[in-house]
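S.K.: Structure, please.
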Amino acid sequence: MTILAETFRLLGDPSRLKILLSCMPGPISVGEIAEKIDLSLSLVSHHLRLLRGARLVKGERQAKQIFYEIADEHVRQVLHDMATHISEDHAEE
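M.R.: Numbering: from 1, shown residues only. Next up, the predicted model:
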C-alpha cells in the first residue's frame, strides 16, 4: 500500500504529470521535455529521476542524450484512463 500511495503522490505534482504526458507519444529528450513544458533542464532531470525510481518512465541513452518514455503499457493505460475519466461529461450528477 505504501508504494501505491507514493506513486499517486508522485503523480499529484503538476510538473511531473506534464512530464509523463510529454512522454506518452514516444521517446523524448530531456531538453525537448523542458522546452515543451517550460521548465529548466535541472528541474526536469530531478523530476525524471523520481519518476524513473518509481518505474513510471524509462530512459535510453543515445550518444550524449537520454530519451525518456512511459515505462510500460500499465502506466500508459492508467494515464489514458484517468484523462478519459476527467474529460467525460458528468452532467448526470
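
S.K.: give me every residue that touches residue 34.
M.R.: With contacts defined as CB atoms under 8 Å, 6 or more residues apart in numbering, the neighbours of residue 34 are 40, 41, 43, 44. C-beta coordinates here come from the backbone N, C-alpha and C atoms, glycine included.

S.K.: Return the entry from those residues with the maximum number of neighbours.
M.R.: In terms of neighbour count, residue 44 stands highest of the contacts of residue 34 at 25 neighbours, by other CB atoms under 10 Å.

S.K.: ok, so what distance separates it from residue 3?
M.R.: 24 Å (CB to CB, to the nearest Å).

S.K.: now swap in residue 71 and tell me
M.R.: From residue 71 to residue 3 the distance is 14 Å (CB to CB).

S.K.: Compare those two (neighbour count), which wins?
M.R.: residue 71 (18 against 9).

S.K.: quick one, longest helix in this structure?
M.R.: helix 73-87 (DSSP state H).

S.K.: Could I get the full set of strands for the protein?
M.R.: Taking DSSP state E to define them, one finds strands in the chain at 28-29, 57-62, 65-70.
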